[in-house]
Each structure stands twice: as C-alpha cells, then as structure tokens.
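K.L.:
coords please:
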Amino acid sequence: MAAPRKTANAEPAKDVADESSLEKEKMSTEIEELRAMVKQLLEDKVATQSVPATVEKVKDEYYDIEEELNINSNQLVKIVSLIEGGLNLKGNSPQPLYLPEFGATRSVTYEELRAIYYNHPELTRNGAFFILNKNVVKALYLDSDYENILNRDRLDKLVDLPTVEMMSVLKGLTKVQKETFIQRYIQGIKSQDNRFGDFNKIKAIDDYIGNSLIELASQEQN
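P.N.:
Numbers count the residues shown, from 1 in each chain. As a prediction, the model looks like this:
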C-alpha cells in the first residue's frame, strides 16, 4: 500500500505575507505622518507671516530652565548622526566623539552635549545630529530649530513621499539636512536601490540643485 502523500505546510508563506502586510502598513503610517508634517509646516509659515512679532514676558529674571526640567549634568543623553559619512564632535573630553555613519548612535552626558553644542552651534542647530530627548532640546533652547529638522526615520522615509510632497519638505530642510538627503539619494542610485529609481523624483531634484544626480553617482563610482 502506497504511503500517504505529505501535504506541504503553508504556515511559513502565511507568516511572510503577514510580515509584508505589516511592513506596508508601517510605511503607510510613516508617509501619512510626513504628509501631516508638511501641512503643519506650511500652516506655521503662513501664521508666522501674518502674526506680528511680540516679546514674551520673562517669567523670572533668575529663571533656570534646566532646574525646571530637572536635568542633571551627568544625565546620559542619546544622539544619532544624520550625516552621510563620519561625524567628529568636540566636547569637553580630550577625544572627540565619533559617529561613523548615518544613523549611528552614542550616549553622552548632558554636560558633554552642552559643550558639543557650544563648539558646534551650526551643526547642532541644523540637524547634523539629532538629540533623542525633548527636555534636553528645550533646555538647550533648540525648540524652534527642531521644527525644521527631521529625525532619522523621517529623513530616511522622505524619498517614499510623492514627488510634489517630497520636494516641498526638501525645500524646507536646513542646509545640512538637504546635503544629507542628496548624498543618500546618490548612494541609493549607486546601489541600484529601487526606492531611488523614480525618474520623476530624480528630475525634480536635478532641477532644484542644478546638477545631475545620476552623473554625480557615476563620478563617485569612478
């Protein structure tokens, strides 16, 4: 008598399908968040233009925001690099803090971070690295600067937006983050990543920067 035929287990295929569905749902959510951010940036810009500037009344001549936020100088604060390539940051320590690539993270004391800010004010204000602590951002009076800075995930997912929305966000970024986005796009073209293969987006960026992304990618390969 012939042995009964074994039925292939379909569970792994179902798991893969579920994971793919979750990934698509996550990407869709992130894109919606970016769209909401674009809308908010445009609304804030209009509001800023239409409302006359006023001087905010000081709470107290001796007001200390660090004390109010209960920030200790030895508190560890995580920062993440938003630069395509290595980033050296000089603080109080003899040895500079080195972040080797985009997305690299390190934890430093608040006192060290404050020294880094004083030594590199433009890099700090323009989003060369991102401070992963809201209270620390407030304590360093970077609130208004961070309104125009994307964190790692949003900067990475910017390419997934439709062309018009992508360009709207790109034009509103700081100079440092614009350069990071362009460099990441060039690297994406070099690696033949499909996310960076949309010719409409490439042309829109080419027109904006006055140069060819494909040519720049080709030059870096040679």
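K.L.:
Any chance of the backbone angles for residue 81?
P.N.:
Dihedral angles of residue 81 (phi, psi; degrees, to the nearest 10) stand at phi -70, psi 140.
K.L.:
from here on, count from 17
P.N.:
Right, with 17 as the first residue, what we last looked at is residue 97.
K.L.:
Relative to residue 192, how far out is it?
P.N.:
According to Cβ to Cβ, to the nearest Å, residue 97 stands 11 Å off from residue 192. Quick note: C-beta positions are derived from backbone N, CA and C, even for glycine.
K.L.:
Need the residues touching each of these two.
P.N.:
Jointly contacting residue 97 and residue 192 under the rule Cβ atoms under 8 Å, 6 or more residues apart in numbering are residue 144.
K.L.:
List the residues that contact the residue lying closest to residue 97 once chain neighbours are set aside.
P.N.:
Among residues not flanking residue 97 along the chain, residue 115 sits closest, at 3.7 Å (Cβ to Cβ, 6 or more residues apart in numbering). Residues in contact with residue 115 (Cβ under 8 Å, 6+ apart) are 95, 96, 97, 99, 102, 103, 105, 121, 122, 145.
K.L.:
Does residue 109 belong to a helix, a strand or coil?
P.N.:
The three-state label given to residue 109 by DSSP: H, G, I helix; E, B strand; the rest coil is coil.
K.L.:
Can you report how many residues neighbour the closest residue to it other than its chain neighbours?
P.N.:
Nearest residue to residue 109, sequence neighbours excluded (Cβ to Cβ, 6+ apart): residue 128, at 6.5 Å. By other Cβ atoms under 10 Å, 19 other residues sit near residue 128.
K.L.:
if we can go back for a sec, got a winner among the contacts of residue 115 for most neighbours?
P.N.:
Result: residue 145 is most packed of these (other Cβ under 10 Å), 26 neighbours.
K.L.:
can you tell me how far that residue sits from residue 193?
P.N.:
11 Å.
K.L.:
Could I get the contacting residues of residue 132?
P.N.:
Contacts of residue 132 (Cβ under 8 Å, 6+ apart): 105, 106, 107, 113, 124, 140.
K.L.:
C-terminal to the host helix or strand of the fifth one, what's the next element?
P.N.:
Okay, so that is residue 124. If you go by DSSP states H and E, residue 124 is part of strand 121-125. On the C-terminal side of strand 121-125, the nearest following helix or strand under DSSP H and E is helix 126-135.
K.L.:
Give me the buried positions along stretch 122-139.
P.N.:
Within stretch 122-139, the residues scored as buried using 16 or more other Cβ atoms under 10 Å are 124, 125, 126, 127, 128, 129, 130, 131, 132, 133, 136, 139.
K.L.:
Show me whatever sits in contact with both of residue 145 and residue 193.
P.N.:
residue 98.
K.L.:
Adding distance to residue 161 and pLDDT as columns, could you present the contacts of residue 132 in a markdown table?
P.N.:
Output for the contacts of residue 132, formatted as a markdown table (distance: Cβ to Cβ, whole Å; pLDDT from 0 to 100):
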| residue | distance to residue 161 | pLDDT |
| --- | --- | --- |
| 105 | 17 | 97 |
| 106 | 20 | 96 |
| 107 | 19 | 95 |
| 113 | 20 | 96 |
| 124 | 19 | 97 |
| 140 | 8 | 97 |
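K.L.:
export those to a markdown table and tack on distance to residue 220?
P.N.:
Output for the contacts of residue 132, formatted as a markdown table (distance: Cβ to Cβ, whole Å):
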| residue | distance to residue 220 |
| --- | --- |
| 105 | 33 |
| 106 | 37 |
| 107 | 39 |
| 113 | 36 |
| 124 | 38 |
| 140 | 30 |
